[in-house]
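> I'd like to go over a predicted model; first the sequence, then the structure.
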Amino acid sequence: MHYLFILGRNVKLSQAEVFSYFEKEKWKIINSSLRKNSLLIETDEKIGEVIENLGGVISIGEVLAFGSINDLIKSLDKKELYFGTKNKFNYSIWNFADEDSKRIISDYLKKRFRQEKLKSSEKNPRGFIKLQSDDFVEIVSSKGLIDEQFFLFEDKQEYFFGKIIQKCDYEKIEKQDMNKPVRRQELAISPRLAKIMINLSGVRKDEKLLDPFCGIGVILEEALSQKIKVVGIDNDKDAVFGAEKNLKWFGF
(Lines give C-alpha, C1' and ligand atoms only; values in the text may rest on other atoms or scores of the structure.)
Protein backbone atom coordinates (compact mmCIF):
# COMPACT_ATOMS: atom_id res chain seq x y z
CA MET A 1 0.00 0.00 0.00
CA HIS A 2 1.06 3.58 -0.64
CA TYR A 3 0.24 6.59 1.55
CA LEU A 4 0.98 10.27 1.03
CA PHE A 5 1.83 12.44 4.04
CA ILE A 6 1.47 16.17 3.37
CA LEU A 7 3.95 17.81 5.71
CA GLY A 8 4.03 21.12 7.54
CA ARG A 9 6.45 24.05 7.38
CA ASN A 10 9.52 22.22 8.68
CA VAL A 11 9.69 19.43 6.11
CA LYS A 12 12.79 17.67 7.49
CA LEU A 13 11.41 17.64 11.03
CA SER A 14 8.00 16.39 9.86
CA GLN A 15 9.63 13.68 7.75
CA ALA A 16 11.70 12.53 10.74
CA GLU A 17 8.53 12.44 12.85
CA VAL A 18 6.70 10.22 10.34
CA PHE A 19 9.66 7.83 10.11
CA SER A 20 9.86 7.67 13.92
CA TYR A 21 6.12 7.04 14.19
CA PHE A 22 6.35 4.13 11.73
CA GLU A 23 9.27 2.72 13.68
CA LYS A 24 7.55 2.88 17.06
CA GLU A 25 4.39 1.32 15.58
CA LYS A 26 6.63 -1.37 14.02
CA TRP A 27 5.33 -0.60 10.54
CA LYS A 28 7.83 -1.46 7.82
CA ILE A 29 8.66 1.22 5.24
CA ILE A 30 9.42 -0.51 1.93
CA ASN A 31 10.11 2.67 -0.04
CA SER A 32 9.75 6.41 0.48
CA SER A 33 10.04 9.50 -1.70
CA LEU A 34 9.97 13.20 -0.82
CA ARG A 35 8.71 15.91 -3.18
CA LYS A 36 8.12 19.49 -2.03
CA ASN A 37 6.30 19.07 1.30
CA SER A 38 4.87 15.63 0.52
CA LEU A 39 6.20 12.24 1.58
CA LEU A 40 5.14 9.09 -0.26
CA ILE A 41 5.52 5.87 1.72
CA GLU A 42 5.07 2.29 0.55
CA THR A 43 4.25 -0.14 3.36
CA ASP A 44 2.65 -3.52 3.98
CA GLU A 45 0.53 -2.00 6.75
CA LYS A 46 -2.95 -0.54 6.54
CA ILE A 47 -2.70 2.49 8.78
CA GLY A 48 -5.61 3.57 10.93
CA GLU A 49 -6.64 7.03 12.14
CA VAL A 50 -3.26 8.46 13.11
CA ILE A 51 -3.47 12.12 12.09
CA GLU A 52 -4.24 13.30 15.64
CA ASN A 53 -0.99 11.73 16.86
CA LEU A 54 1.19 13.56 14.31
CA GLY A 55 2.13 17.17 14.90
CA GLY A 56 3.91 17.88 11.62
CA VAL A 57 1.39 16.40 9.16
CA ILE A 58 -1.35 18.42 7.46
CA SER A 59 -3.16 15.56 5.69
CA ILE A 60 -2.81 11.88 4.84
CA GLY A 61 -3.87 10.38 1.52
CA GLU A 62 -4.26 6.84 0.24
CA VAL A 63 -3.01 5.96 -3.26
CA LEU A 64 -5.66 4.48 -5.51
CA ALA A 65 -3.57 3.89 -8.67
CA PHE A 66 -0.05 4.41 -9.95
CA GLY A 67 2.09 4.00 -13.08
CA SER A 68 2.62 6.06 -16.19
CA ILE A 69 -0.10 8.65 -16.79
CA ASN A 70 -1.80 6.41 -19.37
CA ASP A 71 -1.60 3.31 -17.16
CA LEU A 72 -2.78 5.32 -14.17
CA ILE A 73 -5.90 6.48 -16.03
CA LYS A 74 -6.64 2.92 -17.18
CA SER A 75 -6.43 1.78 -13.55
CA LEU A 76 -8.67 4.62 -12.38
CA ASP A 77 -11.35 3.56 -14.87
CA LYS A 78 -11.81 0.47 -12.68
CA LYS A 79 -11.88 2.37 -9.37
CA GLU A 80 -14.61 4.15 -7.46
CA LEU A 81 -13.53 7.76 -6.96
CA TYR A 82 -16.48 9.39 -5.26
CA PHE A 83 -18.21 7.87 -2.24
CA GLY A 84 -20.25 10.90 -1.18
CA THR A 85 -24.02 11.06 -0.97
CA LYS A 86 -24.50 14.41 -2.71
CA ASN A 87 -24.97 14.55 -6.46
CA LYS A 88 -23.33 17.98 -6.51
CA PHE A 89 -19.88 18.48 -4.98
CA ASN A 90 -16.63 20.43 -5.24
CA TYR A 91 -13.14 18.97 -5.18
CA SER A 92 -9.50 20.06 -5.23
CA ILE A 93 -6.28 18.37 -6.31
CA TRP A 94 -3.05 18.61 -4.34
CA ASN A 95 -0.42 18.66 -7.06
CA PHE A 96 3.05 17.23 -6.44
CA ALA A 97 3.80 16.57 -10.10
CA ASP A 98 4.44 18.51 -13.31
CA GLU A 99 1.69 20.82 -14.54
CA ASP A 100 1.05 18.94 -17.80
CA SER A 101 0.34 15.68 -15.98
CA LYS A 102 -1.86 17.48 -13.47
CA ARG A 103 -3.84 18.98 -16.37
CA ILE A 104 -4.37 15.52 -17.88
CA ILE A 105 -5.68 14.19 -14.57
CA SER A 106 -7.85 17.25 -14.08
CA ASP A 107 -9.45 16.76 -17.51
CA TYR A 108 -9.94 13.07 -16.77
CA LEU A 109 -11.79 13.75 -13.51
CA LYS A 110 -14.07 16.31 -15.14
CA LYS A 111 -14.96 13.86 -17.91
CA ARG A 112 -15.31 10.93 -15.51
CA PHE A 113 -17.68 12.70 -13.13
CA ARG A 114 -19.70 14.06 -16.02
CA GLN A 115 -20.13 10.52 -17.39
CA GLU A 116 -21.31 9.43 -13.96
CA LYS A 117 -23.89 12.25 -14.07
CA LEU A 118 -22.33 14.01 -11.11
CA LYS A 119 -22.37 17.79 -10.93
CA SER A 120 -18.80 18.39 -9.86
CA SER A 121 -16.53 21.40 -9.93
CA GLU A 122 -12.77 21.54 -9.42
CA LYS A 123 -11.64 24.34 -7.10
CA ASN A 124 -8.11 25.69 -7.14
CA PRO A 125 -5.95 25.62 -3.98
CA ARG A 126 -6.98 28.42 -1.66
CA GLY A 127 -3.65 29.56 -0.28
CA PHE A 128 0.05 29.09 0.35
CA ILE A 129 2.30 28.22 3.26
CA LYS A 130 5.91 29.32 3.59
CA LEU A 131 8.26 26.46 4.37
CA GLN A 132 11.29 26.98 6.59
CA SER A 133 13.35 26.63 3.41
CA ASP A 134 11.65 29.92 2.32
CA ASP A 135 9.83 28.12 -0.50
CA PHE A 136 6.09 28.67 -0.91
CA VAL A 137 3.77 25.73 -1.58
CA GLU A 138 0.08 25.67 -2.39
CA ILE A 139 -2.34 24.30 0.17
CA VAL A 140 -5.90 23.08 -0.23
CA SER A 141 -8.16 24.52 2.42
CA SER A 142 -10.20 22.04 4.44
CA LYS A 143 -12.79 24.72 5.08
CA GLY A 144 -15.64 26.03 3.03
CA LEU A 145 -16.81 24.54 -0.23
CA ILE A 146 -14.36 21.66 -0.74
CA ASP A 147 -16.09 18.28 -0.37
CA GLU A 148 -13.33 15.98 -1.68
CA GLN A 149 -9.56 16.27 -1.91
CA PHE A 150 -7.44 14.27 -4.34
CA PHE A 151 -3.70 14.31 -5.00
CA LEU A 152 -1.18 13.60 -7.74
CA PHE A 153 2.43 12.72 -6.88
CA GLU A 154 5.32 12.17 -9.28
CA ASP A 155 8.38 10.05 -8.55
CA LYS A 156 10.89 9.29 -11.33
CA GLN A 157 8.26 9.58 -14.07
CA GLU A 158 5.87 7.31 -12.19
CA TYR A 159 2.64 8.92 -11.03
CA PHE A 160 0.54 8.18 -7.96
CA PHE A 161 -3.09 9.31 -7.67
CA GLY A 162 -5.27 9.05 -4.61
CA LYS A 163 -7.60 10.78 -2.22
CA ILE A 164 -7.12 12.47 1.13
CA ILE A 165 -8.51 10.28 3.91
CA GLN A 166 -7.36 12.14 7.05
CA LYS A 167 -7.02 15.87 7.79
CA CYS A 168 -5.55 17.66 10.79
CA ASP A 169 -8.16 19.67 12.68
CA TYR A 170 -6.05 22.74 13.47
CA GLU A 171 -9.04 24.69 14.77
CA LYS A 172 -9.78 22.01 17.36
CA ILE A 173 -6.13 21.89 18.50
CA GLU A 174 -5.90 25.68 18.79
CA LYS A 175 -9.25 25.97 20.58
CA GLN A 176 -8.24 23.41 23.20
CA ASP A 177 -4.88 25.09 23.68
CA MET A 178 -6.40 28.58 24.04
CA ASN A 179 -9.22 27.53 26.36
CA LYS A 180 -7.30 25.43 28.89
CA PRO A 181 -7.19 26.92 32.43
CA VAL A 182 -3.48 27.80 32.57
CA ARG A 183 -1.41 29.16 29.67
CA ARG A 184 2.14 30.48 29.52
CA GLN A 185 2.47 31.91 26.04
CA GLU A 186 6.05 33.06 26.53
CA LEU A 187 7.32 29.64 27.70
CA ALA A 188 5.02 26.78 26.68
CA ILE A 189 5.49 24.92 23.40
CA SER A 190 2.63 24.30 20.97
CA PRO A 191 0.62 21.05 21.07
CA ARG A 192 1.86 20.23 17.55
CA LEU A 193 5.52 20.53 18.57
CA ALA A 194 4.76 18.40 21.63
CA LYS A 195 3.37 15.65 19.39
CA ILE A 196 6.49 15.81 17.22
CA MET A 197 8.81 15.55 20.24
CA ILE A 198 6.87 12.57 21.63
CA ASN A 199 7.06 10.74 18.30
CA LEU A 200 10.76 11.49 17.88
CA SER A 201 11.38 9.98 21.32
CA GLY A 202 10.01 6.65 20.08
CA VAL A 203 8.01 6.04 23.26
CA ARG A 204 5.15 3.60 22.74
CA LYS A 205 1.69 3.09 24.22
CA ASP A 206 1.84 1.93 27.88
CA GLU A 207 5.54 2.86 28.12
CA LYS A 208 6.68 5.71 30.37
CA LEU A 209 7.78 9.18 29.27
CA LEU A 210 9.74 11.48 31.59
CA ASP A 211 9.46 15.24 30.98
CA PRO A 212 12.06 16.81 33.32
CA PHE A 213 10.97 20.39 32.49
CA CYS A 214 7.22 19.81 32.16
CA GLY A 215 6.02 23.39 32.75
CA ILE A 216 2.24 23.52 32.48
CA GLY A 217 2.07 20.02 31.00
CA VAL A 218 1.76 20.38 27.22
CA ILE A 219 3.89 17.30 26.48
CA LEU A 220 2.18 15.37 29.31
CA GLU A 221 -1.26 16.10 27.82
CA GLU A 222 -0.31 14.93 24.36
CA ALA A 223 1.44 11.80 25.66
CA LEU A 224 -1.54 10.81 27.82
CA SER A 225 -3.84 11.22 24.81
CA GLN A 226 -1.75 8.47 23.15
CA LYS A 227 -2.10 6.27 26.28
CA ILE A 228 1.55 6.79 27.23
CA LYS A 229 2.36 6.87 30.95
CA VAL A 230 4.03 10.11 32.04
CA VAL A 231 6.12 11.63 34.82
CA GLY A 232 6.47 15.40 34.87
CA ILE A 233 8.99 17.39 36.91
CA ASP A 234 9.54 21.13 37.24
CA ASN A 235 11.22 23.37 39.84
CA ASP A 236 8.53 26.04 39.35
CA LYS A 237 5.76 25.27 41.85
CA ASP A 238 3.22 27.44 39.99
CA ALA A 239 3.95 25.59 36.75
CA VAL A 240 3.33 22.23 38.45
CA PHE A 241 0.02 23.44 39.87
CA GLY A 242 -0.85 24.73 36.39
CA ALA A 243 -0.03 21.36 34.87
CA GLU A 244 -2.32 19.63 37.39
CA LYS A 245 -5.18 22.00 36.51
CA ASN A 246 -4.67 21.50 32.78
CA LEU A 247 -4.49 17.70 33.06
CA LYS A 248 -7.74 17.64 35.02
CA TRP A 249 -9.35 19.98 32.49
CA PHE A 250 -8.34 17.57 29.69
CA GLY A 251 -9.95 14.72 31.63
CA PHE A 252 -6.82 12.99 32.91
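Structure received.

> what ranges do the helices span in the chain?
11-24, 69-76, 99-115, 170-179, 191-201, 218-225, 237-249 (DSSP state H).

> Next, format these as CSV and append mean neighbour count, mean pLDDT and distance to Leu131.
All C-beta spots, glycine's among them, are computed from the backbone N, C-alpha and C. Formatted as CSV, the helices of the chain follow (neighbours: other C-beta atoms under 10 Å; pLDDT from 0 to 100; distance: least, C-beta to C-beta, whole Å):
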stretch, mean neighbour count, mean pLDDT, distance to Leu131
helix 11-24, 19, 96, 6
helix 69-76, 16, 95, 27
helix 99-115, 14, 95, 20
helix 170-179, 12, 89, 17
helix 191-201, 21, 96, 15
helix 218-225, 23, 96, 24
helix 237-249, 16, 96, 31
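
> Met1 is nearest to which of the ones you listed?
helix 11-24 (12.6 Å; C-beta to C-beta).

> on that earlier part again, export the helices of the chain to CSV and tack on distance to Val231?
Formatted as CSV, those follow (distance: least, C-beta to C-beta, whole Å):
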stretch, distance to Val231
helix 11-24, 19
helix 69-76, 50
helix 99-115, 49
helix 170-179, 22
helix 191-201, 13
helix 218-225, 9
helix 237-249, 12
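
> for the ones you listed, which one sits closest to Glu62?
Short answer: helix 69-76, nearest of those by C-beta to C-beta, at 13.6 Å.

> Contacts for the closest one next, please.
Outside helix 69-76, the residues that touch it by C-beta atoms under 8 Å, 6 or more residues apart in numbering are 64-67, 101, 104-105, 108, 112, 159-161.

> Go through the residues you listed and say which is closest to Ser201.
Phe160 (30.8 Å).

> Just grab the bridge partners of that closest one for me.
Phe66, Phe153 (DSSP bridges).

> what's it in contact with, if anything?
2, 4, 40, 63, 65-66, 72, 152-154.

> just Gln226 next, same as before
53, 198, 205.

> That one and Gly215, how far apart?
For Gln226, the distance to Gly215 equals 19 Å [C-beta to C-beta, to the nearest Å].

> for the contacts of Gln226, which one is nearest Ile165?
Nearest to Ile165 among the contacts of Gln226, counting by C-beta to C-beta, is Asn53 at 15.1 Å.

> Grab the nearest non-local neighbour of that closest one.
Spatial nearest neighbour of Asn53, chain neighbours left out: Gln226 (5.7 Å); criterion: C-beta to C-beta, 6 or more residues apart in numbering.

> So that neighbour versus Arg114, what's the distance?
Separation of Gln226 from Arg114 (C-beta to C-beta): 44 Å.

> Over to Val63?
Distance check for Val63 against Arg114: by C-beta to C-beta, it reads 24 Å.

> Repeat that for Gly215.
Gly215 is 56 Å from Arg114, by C-beta to C-beta.

> And Thr85, by the same measure?
19 Å.

> Kindly report the same for Leu4.
26 Å.

> Ok, Tyr108 next?
Tyr108 sits at a distance of 11 Å from Arg114 (criterion: C-beta to C-beta).

> go on, Ser101?
21 Å.

> swap in Ile216?
Remark: distance between Ile216 and Arg114 (C-beta to C-beta) = 54 Å.
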